[in-house]
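Undergrad: sequence first, then the predicted structure:
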Amino acid sequence: MFWLAIVLIVAISVAGGIIEKIIKSRERTQKMEIEMMREQIKLEELKYKNYQLETDKMRLELKQDLKNAPTKDELLNVDLTKHD
């Protein structure tokens, strides 16, 4: 009976250690997943800011091109008989 008590105590302590390691491992995994999600959110925010900047840049380029484009009257008054 004494040996059975010793074996049970050892088994319970070993099982407790194993369970503790499993719990700590899961906590580490969850912390890593949370950190990965935070990094993904930061990346998506950067992508969105980049998209906005590129869109604004294209909008400005389009406005500049429209300013430099010939007007309707200029296009209609082109002399097609002239050749350089």
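TA: Now that the structure is in, tell me what you want to look at.

Undergrad: and residue 39, helix, strand or coil?
TA: Classification of residue 39 by DSSP: H, G, I helix; E, B strand; the rest coil places it in helix.

Undergrad: meant to ask about residue 70, not that
TA: coil.

Undergrad: quick one: it and residue 78, what's the gap?
TA: Using CB to CB, to the nearest Å, residue 70 is found at 9 Å from residue 78. For the C-beta atoms, the positions are set from N, CA and C on the backbone; glycine is no exception.

Undergrad: next one: residue 12
TA: Taking CB to CB, one finds residue 12 at 96 Å from residue 78.

Undergrad: got it, and residue 25?
TA: 77 Å.

Undergrad: same question for residue 10.
TA: Plainly put, residue 10 is 99 Å away from residue 78 if you go by CB to CB.

Undergrad: residue 3 now?
TA: As judged by CB to CB, residue 3 and residue 78 stand 109 Å apart.

Undergrad: what's the answer for residue 59, then?
TA: 29 Å.

Undergrad: tell me where the chain is predicted with low confidence.
TA: Within the chain, the ranges that satisfy pLDDT under 70 run 79-84.
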